[in-house]
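Chemist: Build me a structure from this.
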Amino acid sequence: MLDLLPDLFDEFLDELQLAKPIFTDYGGCTNFSGEIVTLSCFNDNAKFKKLLATDGVGKVLVVDGQASFDRALLGDILAEIAISHGWEAVVINGCIRDASTIATMKLPIKALGCNPIRGGKLNTGDLNIKVSFAGLTFIPGQYIHGDANGLAISEKKLISKK
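Modeler: Predicted coordinates for the structure are as follows:
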């Protein structure tokens with residue numbers, strides 16, 4: 001299925017909330033759906049790296065980088081870690097780097113922009129808390145769905161993998 005969100009909204013309009021269109025797609029694919037796991041961090045990706053090294057099967061990591069354009073929170077090395085641990089996608093309210101390399105990877109990534117400067121290594125941030133951006137509140141355990149048309153959340157799982 002090339003376009004996931006139009007079909008989901010046709011079937012589940014009242015069960016979905018649509019994010020404001022603030023993201024750019026960077027990964028080599030765009031369609032994803034999974035359980036929300038959250039991280040809030042500011043210009044520091046040490047906890048981000050540790051979290052990506054855990055089992056991500058069926059999960060999407062939603063990172064509130066507080067819309068910072070000062071540092072990149074994810075680059076090609078962290079994207080490889082995410083892929084090797086089965087993460088379905090990564091959504092970042094912040095920046096990535098290594099955009100051309102990431103474009104070749106089989107991991108959907110949505111972010112605000114790019115910055116070639118890597119994030120700090122202070123190990124700061126909060127895991128699995130409610131985070132709000134793009135007009136939505138992302139709650140761990142709820143579900144997120146995305147494609148080239150945008151990003152939406154639902155309280156329950158709406159689709160299953162085939």
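Chemist: Can you verify my assumption that Phe42 contacts Gln66?
Modeler: Yes. Counting by C-beta atoms under 8 Å, Phe42 touches Gln66, with 5.0 Å between them. Yep, even glycine has a C-beta here, placed from its N, CA and C like the rest.
Chemist: Grab the most central residue of this structure for me.
Modeler: The residue lying closest to the centre of the chain (C-alpha atoms, centre = their mean) is Val91, at 1.7 Å.
Chemist: In contact with that residue, which residues are there?
Modeler: Phe23, Val60, Leu61, Val62, Val63, Ile109, Lys110, Ala111, Ile144, Gly146, Leu151 (C-beta atoms under 8 Å, 6 or more residues apart in numbering).
Chemist: Just the ones of those residues in strands?
Modeler: Members of the contacts of Val91 lying in strands (criterion: DSSP state E): Val60, Leu61, Val62, Val63, Ile109, Lys110, Ala111, Ile144, Gly146, Leu151.
Chemist: could those go into TSV alongside neighbour count and pLDDT?
Modeler: Shown next, in TSV, are these (neighbours: other C-beta atoms under 10 Å; pLDDT from 0 to 100):
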residue	neighbour count	pLDDT
Val60	26	98
Leu61	24	98
Val62	27	98
Val63	26	98
Ile109	28	98
Lys110	27	98
Ala111	27	98
Ile144	25	98
Gly146	26	97
Leu151	26	98
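Chemist: Among those residues, pick out the one closest to Asp76, please.
Modeler: Taking C-beta to C-beta as the measure, Asp76 lies nearest Ile109 of these, at 10.7 Å.
Chemist: how many neighbours does the nearest residue to the closest one once chain neighbours are set aside have?
Modeler: Of all residues not flanking Ile109 in the chain, Gly27 sits nearest, at 4.0 Å (C-beta to C-beta, 6 or more residues apart in numbering). As a burial measure, Gly27 scores 22 neighbours (other C-beta atoms under 10 Å).
Chemist: and Gly27, what does it touch?
Modeler: Ala79, Ala89, Ile102, Ala103, Met105, Lys106, Leu107, Pro108, Ile109.
Chemist: and after the longest strand belonging to the chain, which helix or strand comes next?
Modeler: Identified as the longest strand of the chain according to DSSP E is strand 32-40. Following strand 32-40 in sequence order, the next helix or strand is helix 46-52 (DSSP states H and E).
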